[in-house]
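Asker: Next come a sequence and a model predicted from it.
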Amino acid sequence: MNNLLFENRNGIGVVTLNRGTANALNVEMIQELSDLFTRIKEDETVKAAIITGTDNFFSAGLDVIEVVGYNESESEVFWKAFADMMYNLASWPKPMACAINGHSPAGGCILAITADFRFMAEGNFKIGLNEVPVGIVVPLPVYKLYSMWVGTRNAYQFLIQGKLLNPQEALNAGLVDGIYPQEKVFEVTEAAVRQMMKLDAGTFAKTKLNLRKEVLYSLKNDFEESFGDTLKHWWDTEARVRLNALVDSLIKKVQ
């Protein structure tokens, strides 16, 4: 794997996002996440999983500079891969938590809301879904997953506003389950996962999948209904202006 690190730590599959400073998501990284969780689902030595990042980033979301440069065919491959990744993570039947060590906007937040629990680092970090201000239509399954944690009213308003939350706001809204010093986040997450591992695995899996049935169906069986507007709007003239402006600003930051 070029973008992930994996370690089986006494039954917990520790997945570390490891693509540059910000762990920005491109099609290769997304496919690696899908493939990894598909593989370890069948591995009886992996009883649970933790996803974490490096330094001050969990994931900055989509690698906008690369993804905006995809042609129409490549863009369709990307969004289908993104839907598959969401499905493979959200439908993973074993306990899963995220140790959010830093910033986690947009696609990083989407990764996080596929998990059962999230613990976040204290500090000047942001988490949330800011797709609308940059010109990306939010797919319905993302709203449904977000609603599971922050409630329908907050999910609606946060998404419409493109609101990014600091750790305390995220805790107050129910998006994360605790905030801790950065050096303690993984330790707390591991402890929570080991508690979940004490539950009967079959009961846990069936209950989890029952509670997520509606959103999983939309991810697996109806790409056009769930992501069609997102893909179509991706090429809208005004949306491209916003996306290209974002790309330009990001390029200037790294120059």
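Answerer: Noted; the coordinates are in hand. Residues are numbered from 1 along each chain as shown.

Asker: The one residue sitting closest to the centre of the chain and Ala173, how far apart?
Answerer: Nearest to the mean C-alpha position of the chain, counting by C-alpha atoms, centre = their mean, stands Leu111 at 1.1 Å. Noted for Leu111: a distance of 18 Å to Ala173, by C-beta to C-beta, to the nearest Å. C-beta: built from backbone N, CA, C; applies to glycine.

Asker: With Asp43 instead?
Answerer: Distance of Asp43 to Ala173, given as C-beta to C-beta: 34 Å.

Asker: Mind checking which of those two has more residues around it?
Answerer: Here Asp43 and Ala173 are compared on neighbour count by other C-beta atoms under 10 Å; more neighbours surround Ala173, at 18 against 11.

Asker: Now the more buried one. Nearest residue, chain neighbours left out?
Answerer: Ranked by C-beta to C-beta, 6 or more residues apart in numbering and with sequence neighbours excluded, the top spatial neighbour of Ala173 is Val150, at 4.7 Å.

Asker: Same check on Phe186?
Answerer: Nearest residue to Phe186 in three dimensions, chain neighbours excluded: Ala99, at 4.4 Å (C-beta to C-beta, 6+ apart).

Asker: do you know how far the one you found is from Thr54?
Answerer: For Ala99, the distance to Thr54 - C-beta to C-beta - is 11 Å.

Asker: who has more neighbours, those two?
Answerer: Neighbour totals were compared for Ala99 and Thr54, and Ala99 leads with 29 against 18 (other C-beta under 10 Å).

Asker: Pull the contacting residues for that one.
Answerer: Ile50, Ile51, Thr52, Phe119, Val185, Phe186, Val188, Thr189, Glu190 (C-beta atoms under 8 Å, 6 or more residues apart in numbering).
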